[in-house]
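Trainee: any chance you can model this:
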Amino acid sequence: MINTVLMAILLSLRVLGAPVPVLTLDGTVNPGSADYLVQGIRQAQQDGAPGVIIIVDTPGGLVSSAREIVQAELSSQIPVVVYVSPSGARAGSAGVFITMAAHVAAMAPGTTIGAAHPVDLFGSFGSSGGSDDESGSSTDAGVMEEKILNDTLAWARAIAEQRGRNADWAEAAVRQSEAITDREALEQGVVDLVATDLDDLLAQAEGLLVNGPEGRMLVSTGNWEPFSAKMTIRQGVVHFLGDPNVIFALLALGLLGLYVEFHNPGLILPGVLGVGMLIAVAIGLSVLPFNAGGMLLVVFGFALFALEIWVTSYGVLTLGGVLSLLLGGVLMFNVEDLDLRIEPSVLFGVVIVAAGFVVLVAYLVIRTHRQRIATGADALPGSTAQVSVGGSGQGWVQLEGETWRARWNGNLEPGTIVRVLKVDRLFLEVEAFSQQPVQLEEQLPSSGETT
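Mentor: Residues are numbered from 1 along each chain as shown. Sure, this is the predicted structure:
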């Protein structure tokens, strides 16, 4: 009866519309997205908004970032509505905690939630598979892994109990990586609503009583006017670097930049860009789980590419670099229970571009080494000259407008065409190219001239 009266009073005082920010978690849970959501919730409270909406589609991410978001949700003085949307989206891993910590948790048809087993920065902790003794400790996991797993289990259960949701399922999602559909989540008490769109969500959420930090709280969505709240530039950059595809591409481009700089010292720009990209990669790897072995394979692949320029392997090193790069890309973000893998199109695209670039550079280097020298004394062997002053064993020849002292075997007449064999200080070693003398076009030097 009291609730009905309160609802009637609120509806009678409805204004034209109250702005409600809509925050979007699209991608991994990392410091960038955590700062965006936490600041969004706090700003909504400061602005006097009647609530805040978070649209979620995430494979998961860092537990530390998820904890920041959950703390902001649990301490919020206004209703926080989390909506797993659109169809095909999911709230995986860290997204499970964010969804269950909301005052109102909803899912769109065709979405999933679950698989919240913790991972470390270099892979996944082994699944405990249950307890084998009275203390509940796992015989398969190490002490540190067991502590983290148990801490995550207790956290998941505490969130579920505080919001009045299915704590047993929350524990199963962590311990056994259980995942369920939207309808299963509704039936098992994991979420409150299944809504087709935002309007349907607000209509169903109207009048719900939820657990707030200071007791029960009425959700009145009748006058909510949702608007999109964007990330700041800083938040966007950090969130952008939390994408495995971006990190892999930047790592490849950064290594290519250093490769070009070391191969052509003094260009500066490729080296500067390469170092900048690798710094961005370091920032990205600080917010994502990754496999150290996979990253080393990527670096090793580029090392093989670099060796191809200096070692004659007939393509063996390039092939090894391609295989190492492919395997490293597959393993770099191949962590259990988190779909943080590099897209095949990105993986093969980067490998093809990198290998093609290296093959092109190797071809240009080999072609340059095989080219005849075009300037200086080293360029003279193989060229032809004309005998200007003949004789037995030595004389003078004209070569490209210049007169040189020359030595040869036998006797050569003026006008004879000769081929330069080598340059010996101020002498040319020549041999007859044509014994048929030709008419000289230039005045012959006197016997005292030197070049």
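Trainee: helix or strand: which one has the residue nearest to the spatial centre of the chain?
Mentor: With distances taken as C-alpha atoms, centre = their mean, residue 247 lies nearest the centre of the chain, 1.5 Å away. With secondary structure defined by DSSP states H and E, residue 247 is part of helix 244-263.
Trainee: can you pull the buried residues of that helix?
Mentor: Taking 16 or more other C-beta atoms under 10 Å as the basis for neighbour counts, the residues of helix 244-263 that come out buried are 244-261. C-beta here means a position set from N, CA and C on the backbone, and glycine is covered the same way.
Trainee: same thing with stretch 305-325?
Mentor: Within stretch 305-325, the residues that count as buried by 16+ other C-beta under 10 Å are 305, 306, 308, 317, 318, 320, 321, 322, 324, 325.
Trainee: same check on stretch 391-405?
Mentor: In stretch 391-405, residues buried by neighbour count (16+ other C-beta under 10 Å) are 395, 396, 397, 398, 399, 403, 404, 405.
Trainee: also stretch 173-185?
Mentor: Taking 16+ other C-beta under 10 Å as the criterion, stretch 173-185 shows 173, 174, 175, 176, 177, 178, 179, 180, 181, 182, 184, 185 as buried.
Trainee: please apply the same query to stretch 343-353.
Mentor: Residues of stretch 343-353 classed as buried by neighbour count (16+ other C-beta under 10 Å): 346, 347, 350, 351.
Trainee: before we move on, what about stretch 414-429?
Mentor: Going by neighbour count (16+ other C-beta under 10 Å), the buried part of stretch 414-429 is 414, 415, 416, 417, 418, 420, 423, 428, 429.
Trainee: same thing with stretch 29-47?
Mentor: 29-41, 44.
Trainee: pull the CA atoms of the strand ranked longest in the chain into PDB?
Mentor: The single longest strand within the chain, with elements called by DSSP state E, is strand 402-412. Listed in PDB are the C-alpha atoms of strand 402-412, where the atom choice follows Å, rounded to 0.1, in the frame of the first residue of the first chain:
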ATOM      1  CA  GLU A 402      90.300  11.600 -69.500                       C
ATOM      2  CA  THR A 403      93.800  10.500 -70.400                       C
ATOM      3  CA  TRP A 404      95.400   7.600 -68.400                       C
ATOM      4  CA  ARG A 405      98.700   5.800 -68.400                       C
ATOM      5  CA  ALA A 406      98.100   2.200 -69.300                       C
ATOM      6  CA  ARG A 407      99.900  -1.100 -69.300                       C
ATOM      7  CA  TRP A 408      99.100  -4.100 -71.600                       C
ATOM      8  CA  ASN A 409     100.700  -7.200 -73.000                       C
ATOM      9  CA  GLY A 410     102.200  -7.000 -76.500                       C
ATOM     10  CA  ASN A 411     102.100  -4.100 -78.900                       C
ATOM     11  CA  LEU A 412      99.000  -1.900 -79.400                       C
END
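Trainee: contacts for that strand?
Mentor: Residues from elsewhere that reach strand 402-412, judged by C-beta atoms under 8 Å, 6 or more residues apart in numbering: 385, 387-388, 390-398, 418, 424, 426-432, 445, 449-451.
Trainee: hmm, try it at 7 Å
Mentor: Applying C-beta atoms under 7 Å, 6 or more residues apart in numbering, the external contacts of strand 402-412 come out as 387-388, 390-397, 418, 426-432, 445, 449-451.
Trainee: repeat that for stretch 228-243.
Mentor: Under the contact criterion C-beta under 7 Å, 6+ apart, stretch 228-243 has outside partners 21-23, 27-28, 30-33, 35-36, 40, 246-247, 280, 283-284, 287-288.
Trainee: among these, which ones are in helices?
Mentor: Helix and strand membership here follows DSSP state H; of the contacts of stretch 228-243, those in helices are 31, 32, 33, 35, 36, 40, 246, 247, 280, 283, 284.
Trainee: and which of those residues is nearest to residue 82?
Mentor: Using C-beta to C-beta, the shortest approach to residue 82 within the ones in helices among the contacts of stretch 228-243 belongs to residue 40, at 12.4 Å.
Trainee: SS state for residue 397?
Mentor: With DSSP: H, G, I helix; E, B strand; the rest coil as the basis, the three-state label of residue 397 is strand.
Trainee: list the contacts of it.
Mentor: By C-beta under 7 Å, 6+ apart, the residues touching residue 397 are 385, 386, 387, 388, 404, 406, 418, 428, 430.
Trainee: could you look up the SS state of the third one?
Mentor: Spelled out, it's residue 387. Going by three-state DSSP, the secondary structure assigned to residue 387 is strand.
Trainee: what angle do the host helix or strand of residue 299 and helix 244-263 make?
Mentor: Assigned by DSSP H and E, residue 299 falls within helix 292-310. Here helix 292-310 runs at 30 degrees with respect to helix 244-263, directions being taken by axes from the mean of the first three to the mean of the last three C-alpha atoms, to 10 degrees.
Trainee: if we can go back for a sec, pLDDT (mean, whole number) over the helix holding residue 247?
Mentor: Confidence over helix 244-263, taken as the mean pLDDT, stands at 85.
Trainee: make 16 the starting number, not 1.
Mentor: With the count now opening at 16, the last piece we talked about shows up as helix 259-278.
Trainee: distance from the chain centre to that helix, please.
Mentor: In terms of C-alpha atoms, centre = their mean, to the nearest Å, the gap separating the centre of helix 259-278 from the centre of its chain is 10 Å.
Trainee: thinking again about what came up before, next secondary structure after the helix holding residue 314?
Mentor: Taking DSSP H and E as the definition, the helix or strand right after helix 307-325 is helix 331-347.
Trainee: can I get that following helix in PDB, CA atoms only?
Mentor: What follows is helix 331-347 as a C-alpha-only set of coordinates in PDB (Å, rounded to 0.1, in the frame of the first residue of the first chain):
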ATOM      1  CA  VAL A 331      64.600 -20.300 -44.600                       C
ATOM      2  CA  LEU A 332      64.900 -17.500 -42.000                       C
ATOM      3  CA  THR A 333      61.900 -15.600 -43.500                       C
ATOM      4  CA  LEU A 334      59.800 -18.700 -43.300                       C
ATOM      5  CA  GLY A 335      60.900 -19.300 -39.700                       C
ATOM      6  CA  GLY A 336      60.000 -15.600 -38.900                       C
ATOM      7  CA  VAL A 337      56.500 -16.100 -40.500                       C
ATOM      8  CA  LEU A 338      55.800 -19.200 -38.500                       C
ATOM      9  CA  SER A 339      57.100 -17.700 -35.300                       C
ATOM     10  CA  LEU A 340      55.000 -14.500 -35.800                       C
ATOM     11  CA  LEU A 341      51.900 -16.600 -36.500                       C
ATOM     12  CA  LEU A 342      52.400 -18.800 -33.500                       C
ATOM     13  CA  GLY A 343      53.200 -15.900 -31.200                       C
ATOM     14  CA  GLY A 344      50.100 -14.000 -32.400                       C
ATOM     15  CA  VAL A 345      48.000 -17.100 -31.600                       C
ATOM     16  CA  LEU A 346      49.500 -17.600 -28.100                       C
ATOM     17  CA  MET A 347      50.000 -14.000 -27.100                       C
END
